[in-house]
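fold the following, please.
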Amino acid sequence: MENDKNIKNFDVVLSSRVRISRNIASAKFPNILTKQEKLNVTNKIKESIKDDDFRLIYMSNLTKNEIFSFVEKNLISKEFANKEDGALIVNSDFSQVTMINEEDHLKIQAFKKGFNLDETYEDVSKFADMVNNTLEFSISDKYGYLTACPTNVGTALKASVMLHLPGLEKLGLLSNILEQASSIGLCVHGIYGEEFKSIGNMYIVSNQKTLGISEKEIINSLKAVISVIIEQERKAREILLKDGACFEDEIWRSYGIIKYSRVISFEEAIKLLSNIRLGISLKIIDDISLIKIAKIRINVEPYVLANMYGSEFSQEKEDEIRSEYIRKEIENDVWVYW
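Here you go, the predicted model:
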């Protein structure tokens, strides 16, 4: 069974994602395709998949809760959520999700827990090669892979890492570090779209440049920056730990509230889970795993919660259900992965 120690830098890095965009040479970009032409593209891509671990899902066959739970899990974009003529190709554990006819014909994505950009990149490359064995991609000798959005032309690769940075944020050091990352061409934002101030201290750092640089250079450059941020975050946590009882009290109060409350909003839950995650990483709390907290964090999202319970709720009822779900997960001492 997977545990915290098996996941690289999981105390700071929640997940790694690599996404590449590809277009079929024989077809126009999705934004000018008819509904039938989009279906033809989907069928061609479906026929190119030679791995039984993957399956096709038509967006029109999904419920509203299913679609927006995918958005909340960062598996699909908000824009794609409203495309009834789109489709997904997913593997059995949803660690690889490809959007068909979003902005481009294919947006191939792979996800890994922790700091694992190399294996994530290998996954998307392998999938792209499988499709490319059957279908020719749009590519220019001068510019590289051609995409609907000019800013993606070249490698058409976006690598990103989701970070938990409570130490730097509590010490007031985060904005300067993230501004430095932005100044060298990286995109930085909170996981809910915020700039430099995120609910739950969670941030996404990704590359912006795709032209005039190789895929490996993008990956290695991002890895170098993230490694520095990880080191600085760990040093910040050690400083907080020296604060003694006051700091530990904040952690334990968060744990007590989330463990025994009967009503809890999404925003409050995310803030409390951030403190608990910090407490686990510093060995203040030792009876619950980071993996369990990661699972809870995802599942308290409004649409994910509604999809799990099979219905939509009033705001008041949603907060009750969320609290009930968290209590049951924390009381269950079996460490599992979502």
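
what's the following helix or strand after the stretch of helix or strand residue 16 belongs to?
In this structure, residue 16 is located in strand 13-22 according to DSSP states H and E. With elements assigned by DSSP H and E, the helix or strand that comes after strand 13-22 is helix 35-48.

okay, buried residues for the helix or strand just after that next one please.
For helix 35-48, the succeeding helix or strand toward the C-terminus, using DSSP H and E, is strand 54-58. For strand 54-58, the buried set under the neighbour-count rule, 16 or more other CB atoms under 10 Å, comprises 54, 56, 57. For the C-beta atoms, the positions are set from N, CA and C on the backbone; glycine is no exception.

what's in contact with strand 54-58?
Residues outside strand 54-58 that contact it (CB atoms under 8 Å, 6 or more residues apart in numbering): 42, 46, 49, 87, 88, 89, 90, 91, 96.

could you rerun that using 10 Å?
Contacts with strand 54-58, where a contact means CB atoms under 10 Å, 6 or more residues apart in numbering, come from 39, 42-43, 45-46, 49, 66, 70, 84-92, 96-98, 100, 127, 130.

which of these are buried?
Buried members of those, counted by 16+ other CB under 10 Å: 42, 45, 49, 70, 85-91, 96-98, 100, 127, 130.

stretch 46-57 spans what distance, first to last residue?
10 Å (CA to CA, to the nearest Å).

and the pLDDT at residue 311?
pLDDT, residue 311: 87.

where does the prediction get shaky in the stretch 101-250 of the chain?
Applying pLDDT under 70 to the stretch 101-250 of the chain flags residues 194-197.

need the helices for it, in chain order.
117-132, 166-170, 174-183, 215-241, 245-260 (DSSP state H, counting those that start in this stretch).

helix or strand right after the last one?
Toward the C-terminal end, the helix or strand that comes next after helix 245-260 (DSSP H and E) is helix 266-281.

report all helices and strands that that next one contacts.
With contacts defined as 3 or more CB pairs under 10 Å, 6 or more residues apart in numbering; DSSP states H and E, helix 266-281 has these neighbours: strand 157-164, helix 166-170, strand 202-207, helix 215-241, helix 245-260, helix 290-299, helix 315-331.

those: which one's closest to residue 80?
strand 157-164 (14.7 Å; CB to CB).

picking up where we left off before, which one of the helices of the stretch 101-250 of the chain lies nearest to residue 5?
helix 215-241 (15.8 Å).

for that closest one, list every residue counted as buried.
The neighbour-count check on helix 215-241 (16+ other CB under 10 Å) flags 215, 218-219, 221-222, 225-226, 229-230, 232-234, 236-237, 240 as buried.

quick revisit: select from the buried ones among the contacts of strand 54-58 every entry located in helices.
Mapping the buried ones among the contacts of strand 54-58 onto helices (DSSP state H) picks out 42, 45, 70, 127, 130.

distance of the spatially closest residue to residue 201 that is not a sequence neighbour relative to residue 156?
Among residues not flanking residue 201 along the chain, residue 166 sits closest, at 4.1 Å (CB to CB, 6 or more residues apart in numbering). Separation of residue 166 from residue 156 (CB to CB, to the nearest Å) stands at 34 Å.

the more surrounded of the two?
Applying other CB atoms under 10 Å to residue 166 and residue 156 shows that residue 156 carries more neighbours, namely 28 against 23.
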